[in-house]
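A.B. asks: Output the structure for:
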Amino acid sequence: MTIAQANNHVLWRPEDDYKVKPTLEEGDVYRPDILEVVDTAIDSLSSDLRELNLDIHDHPELKYEERYAHDAYTSFLEKHGFEVTRHHLLETAWVATYTHGRGGRVLGVNSEMDALPGIGHACGHNLIGISGVAVACAAKAAMEQLNIDGKVILLGTPAEEGGFGKVKLWERGAYKEMDACLMCHPAPGPLHSISLSSCLAVIRLEIEYSGHTAHAALSPWEGKNALDAAVLAYTNIALLRQQIKPTHRVHGIIEGNNWGPSIIPDNSKMYYYIRAPTTIEAEETYKRVVPCFEASALATGTKVKVTRGSTGNELVQNKVLGDELANVVRKKYGVIDYEFGISGASTDFGNISYLMPGLHPGFSIPTVPEGGNHTRAFTDSARSQAAHDACLVVSKALAHVGMRVITDGNFLQQVKDAFEEQKNTRT
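C.D. replies: Prediction:
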């Protein structure tokens, strides 16, 4: 059986009955009184969150254009008693905070908003957005009802899809108060599964070729073909893939301006991503990819400019936060895996997890064959009732973990120690 066949066998499909309860482990969880409040709070908000979920899904917006989502989320949170700052540090970013008592620890949560060109919410950011709202509302309810001192900061983060919105917000100080930060992400996976996998580091490149136009039939020898340069580079990289590790990815597209079949193109542009399990490995592959672009310029007599964009780090799941999530999931909600989630993709939360304690589990939703993230079929999956229900389950587990950050000083110190230990292993 191939890996693909095995995955197809275990992945949650729309026809599966997800209301059949999973087998759970026995044992106690931290502060069951908090968990009871969390469960009740999120269940009571399910209808409102479903309405918000569909509203966001039906109004997809690209990176840094999330104006409708900005207004929908901020209005919702204002109605639920949060102090909201609109257009926070970036035009479409926002922050909602709730403080109970004096002092206390600070829980950070992220809600993503942006969609993809042409295929809408094909990465399920509508679900990520409402999960952040659910976690923050549940934490607020627990602090109010159980008289717990603390603060929750819900940050609306734009432009995850290639815009590094979280990195820009970090640079502007949006995360500075948080003791830890939580979020989640939907993906194909087994039924009732929540994933603690990592993701790939990514290096983004923009490559520009400059040549010389000529009549493609009358005097082609007078031209220097920038499209040929791009095609050669594309082929060079395709051949290089045989010699790179199977866990690495190199992929991109070709664009151009004012091209015509009777004109030798004098310009072309390529956008390429280099991905690997760690930032260090991505850097190693980057050094092998750049000569592919340079060689094609030499062969075609064109000029090339390679511009390196932002680097996205792999996701570092804080071990202590992850262990706590795994404990409550296995005893109350479902199963934990370390394989699925967004292990083959990338996220700007990876950079945040390099800078502070963070947790970013994946959670499975029902998908059709060949209907994973960044497909039109996944856009449909992200709108389903089953996906909504799965989103609320992982939100309950995250809210439990977040409330332990707020209420247990020894636990938070272990979280911080684990962050330092994991940071020291990045050599």
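A.B. asks: what secondary structure does I253 sit in?
C.D. replies: When classified by DSSP: H, G, I helix; E, B strand; the rest coil, I253 comes out as strand.
A.B. asks: Let me know the pLDDT of the most centrally placed residue in the chain.
C.D. replies: The C-alpha lying nearest the average C-alpha coordinate of the chain belongs to T347 (CA atoms, centre = their mean; 4.0 Å). At T347, the pLDDT value in this model is 97.
A.B. asks: Quick one: residues contacting the residue lying closest to it once chain neighbours are set aside.
C.D. replies: Sequence neighbours aside, C199 is the residue nearest to T347 in space, at 5.6 Å (criterion: CB to CB, 6 or more residues apart in numbering). All C-beta atoms are positioned from the backbone trio N, CA, C, and that covers glycine. Contact analysis of C199 by CB atoms under 8 Å, 6 or more residues apart in numbering lists E314, L315, G341, I342, S343, G344, A345, S346, T347, G350.
A.B. asks: List the contacts of the closest residue to the fifth one other than its chain neighbours.
C.D. replies: Once flanking residues are discounted, S343 sits nearest to S197: 3.9 Å by CB to CB, 6+ apart. Under the criterion of CB under 8 Å, 6+ apart, the contact list for S197 reads Q317, D337, Y338, E339, F340, G341, I342, S343, G362.
A.B. asks: before we move on, what about N126?
C.D. replies: N126 makes contact with N53, L54, I56, H57, A382, R383, according to CB under 8 Å, 6+ apart.
A.B. asks: The second one in helix, strand or coil?
C.D. replies: To tie it back to what came earlier, the one meant is L54. What three-state DSSP gives for L54 is helix.
A.B. asks: And it, how close does it get to S47?
C.D. replies: 11 Å (CB to CB, to the nearest Å).
A.B. asks: low-scoring stretches of the stretch 1-150 of the chain, by residue?
C.D. replies: For the stretch 1-150 of the chain, the stretches with pLDDT under 70 are 1-9.
A.B. asks: so where do the strands sit in it?
C.D. replies: 83-85, 94-100, 106-112, 150-157 (DSSP state E, counting those that start in this stretch).
A.B. asks: Using JSON lines, lay out these together with mean neighbour count and distance to T307.
C.D. replies: Below are the strands of the stretch 1-150 of the chain laid out as JSON lines (neighbours: other CB atoms under 10 Å; distance: least, CB to CB, whole Å):
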{"stretch": "strand 83-85", "mean neighbour count": "15", "distance to T307": "34"}
{"stretch": "strand 94-100", "mean neighbour count": "21", "distance to T307": "31"}
{"stretch": "strand 106-112", "mean neighbour count": "27", "distance to T307": "26"}
{"stretch": "strand 150-157", "mean neighbour count": "26", "distance to T307": "25"}
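A.B. asks: Distance to T247 for those - can I get that in a markdown table?
C.D. replies: What follows is those, written out as a markdown table (distance: least, CB to CB, whole Å):
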| stretch | distance to T247 |
| --- | --- |
| strand 83-85 | 41 |
| strand 94-100 | 36 |
| strand 106-112 | 25 |
| strand 150-157 | 27 |
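A.B. asks: So for L62, which of those sits nearest?
C.D. replies: The closest of those to L62 is strand 106-112. By CB to CB, the value is 12.8 Å.
A.B. asks: Neighbouring strands - and their directions - for that closest one?
C.D. replies: Using DSSP bridges, the strands paired with strand 106-112 are strand 150-157 (parallel), strand 180-182 (parallel).
A.B. asks: now the angle from that strand to strand 94-100?
C.D. replies: 150 degrees (axes from the mean of the first three to the mean of the last three CA atoms, to 10 degrees).
A.B. asks: before we move on, back to that, looking at the strands of the stretch 1-150 of the chain, which is closest to E420?
C.D. replies: strand 106-112 (18.1 Å).
A.B. asks: hey, where'd the helices end up in this structure?
C.D. replies: All helices of the chain, identified by DSSP state H, fall at 3-10, 32-57, 67-79, 125-145, 165-171, 226-240, 279-300, 319-328, 349-355, 376-381, 385-407, 409-424.
A.B. asks: circling back to that earlier point, can you list the contacts of C199 in a markdown table and add distance to T235?
C.D. replies: Listed next are the contacts of C199 as a markdown table, based on distance: CB to CB, whole Å:
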| residue | distance to T235 |
| --- | --- |
| E314 | 29 |
| L315 | 32 |
| G341 | 33 |
| I342 | 30 |
| S343 | 29 |
| G344 | 24 |
| A345 | 26 |
| S346 | 25 |
| T347 | 30 |
| G350 | 31 |
